[in-house]
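Visitor: Test case, fold it:
(3 chains)
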Amino acid sequence: MYTVTVRRRQEATGRSSLLGSLPRRGFAVALYKKGQSLNGINVFLKICTQWTEKQTKSALAKARGACFSALLMPKKNTFSPTLIAWFKKIQRPLPWRQDYLPYHVWISEIMLQQTQMDRAVPYFERWMDRFPTIASIADAPEDEILKYWEGLGYYTRARNIRKAALVICAEHGGEFPAEHKAILALPGIGPYTAGAIASLAFGLDVPAIDANVERVYARLFDIDSPIKEKDAKKRVEALSAELLPAGQARDYNQAVMELGALICTPRAPRCESCPVAEHCEARRLDIVAFRPVPGKKKDITPLNVVCGVLEHKGKIYIQKRPQGAVWGGLWEFPGGSIEAGESPEQAVVREFQEETGFQVRIADKISIVRHGYTRFRVTLHCYFLQADAPLPPSTMSAADECLWATPEQITERAFPAGHRKLIDLMRQDLRFSQYI
DNA sequence: AACGCGTGGGA
DNA sequence: TTCCCAAGCGT
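Guide: Numbers count the residues shown, from 1 in each chain, chains lettered A, B, ... in the order given. Okay, the predicted model is just below:
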């Protein structure tokens, strides 16, 4: 048995006052000497015995836990009400914040995954116009659903919405399930989104932890381990559960996220406007810029890629990308990577031969389009192609479907952003606008 | 646990 | 221009 006592030192007087004292069973370590600071709080570990590495780690975790508990105590009564009051005053009007219909909350949350609010709103409006009910999604072909997602990225999200709609119609009578566990079981819905839907749409007292929440808590409680790692995540979960006022999950969860989006931003946070600044450990310690602690960053790979717009008898050849590939189910112009020692012109002719069996010639260079995706930075060389001999059926070695398309057919299909950019360029260009 | 999956905007 | 993202999920 040992005791962790936690004290906070008053800067002005140099005195420290007792914040808490927690008796613990088992072993612990004298990692912290008297007066040593952890997260800006003085920790006194009163113990002695021999320790293994595992026990050392456990004791450290307990001491940290004691620190967070000590920080939490004075916040419990004032922090959450202050934050909720602030949210009710400043919240942005959003389409799904009218009635919090489960269906609306669901679609908005999926759209907002890895996506900024301003960007998602117009997509949401368009979506609800076309798919007013869950059943209308289940009835629609995947192609059309992808078209309404075109440009948003992470297209698995759209495919999973369709899958989930089918599940809801088959197993829940067409009604969005109201239980946290059933929500979490739906395709495309993970821990964050399940928590968000459960709390916003159904008022269930469950946390919804996204990157905003992680950042806010990392600063409020000065979490000093990398925020994407397990240790910090568990801490955020515990804090979230502790600070959530019963019956107010809808407002509280949105309040924390809204704070992260509007005030407690990744760069240049507006602490002077923060309603809970007085509760913020990182601010007190003047280390807001160093919280949250970032993870390892992955490097960007540059890619040199070609694609070809083949015109034949007034139509344009396009193909549908295979399911499971990047941009699966979206349409594209054939192409691929420039191999070592190859020119872009050689690459596009070769790729056409490999993917379609067509022997093509370069008629014109259209443009170079630059765009990025996940960890890649793409330089896309785009060519206008023609064929001298009659063309056989495509061999389709890299596609599920193909089509000799009219401009209307190109308009109504979903393309990856880089290719859509190319289409728009060609429609502005007198050399090509007659074909596309 | 680490990686794959998109995109357009701001510094 | 270049870099760094922004309200995650699935495997």
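
Visitor: For chain A, what lies in contact range of DNA strand B?
Guide: A:114-115, A:119, A:151-156, A:230, A:267-268, A:298, A:325-327, A:371-375, A:416-418, A:420-421 (CB under 7 Å from any atom of the strand). Every residue, glycine included, has its C-beta placed from N, CA and C.

Visitor: For A:A182, give me its contacts.
Guide: When contacts are counted by CB atoms under 8 Å, 6 or more residues apart in numbering, A:A182 is found next to A:H172.

Visitor: how near is it to DNA strand B?
Guide: The spacing between A:A182 and DNA strand B, counted by CB to the nearest atom of the strand, to the nearest Å, is 23 Å.

Visitor: List the buried residues for the particular helix or strand that has that residue in it?
Guide: Assessed by DSSP states H and E, A:A182 sits inside helix A:180-184. For helix A:180-184, the buried set under the neighbour-count rule, 16 or more other CB atoms under 10 Å, comprises A:H180, A:A182, A:I183, A:L184.

Visitor: Which single one of the residues you listed is nearest to A:E355?
Guide: Nearest to A:E355 out of those is A:L184 (CB to CB; 40.1 Å).

Visitor: Now do the contacts for the closest one.
Guide: Contacts for A:L184 were tallied using CB under 8 Å, 6+ apart; they are A:G190, A:P191, A:A194.

Visitor: So among the residues you listed, which ones count as buried?
Guide: With burial judged by 16+ other CB under 10 Å, the buried subset of the contacts of A:L184 is A:A194.

Visitor: Go through the contacts of A:L184 and flag which are in helices.
Guide: Among those, the ones falling in helices (DSSP state H) are A:P191, A:A194.

Visitor: all strands for chain A, in order.
Guide: A:2-9, A:16-24, A:37-38, A:41-46, A:301-312, A:315-320, A:331-332, A:335-337, A:361-373, A:376-386, A:401-405 (DSSP state E).

Visitor: The fifth one and DNA strand C in contact?
Guide: What it means is strand A:301-312. No. Judged by CB under 7 Å from any atom of the strand, strand A:301-312 stays clear of DNA strand C, getting no closer than 8.0 Å.

Visitor: need the helices for the stretch 101-250 of chain A, in chain order.
Guide: Listed from the start of the chain, the stretch 101-250 of chain A has helices (DSSP state H, counting those that start in this stretch) covering A:102-112, A:117-130, A:134-139, A:142-149, A:156-171, A:180-184, A:191-202, A:211-220, A:230-243, A:249-262.

Visitor: Now do the fifth one against helix A:142-149, angle only.
Guide: Okay, so that is helix A:156-171. 130 degrees (axes from the mean of the first three to the mean of the last three CA atoms, to 10 degrees).

Visitor: Which elements pack onto helix A:156-171?
Guide: Counting contacts by 3 or more CB pairs under 8 Å, 6 or more residues apart in numbering; DSSP states H and E, helix A:156-171 packs against helix A:102-112, helix A:134-139, helix A:142-149.

Visitor: Do you know the pLDDT at A:A12?
Guide: What the model reports as pLDDT for A:A12 is 54.

Visitor: can you check A:D286 too?
Guide: Note on A:D286: pLDDT of 87.

Visitor: Can you name the residues of the stretch 201-350 of chain A that neighbour DNA strand C?
Guide: When proximity is defined by CB under 7 Å from any atom of the strand, the stretch 201-350 of chain A lies next to DNA strand C at A:210-212, A:215, A:257-258, A:260-261, A:265-267, A:294, A:297, A:300.
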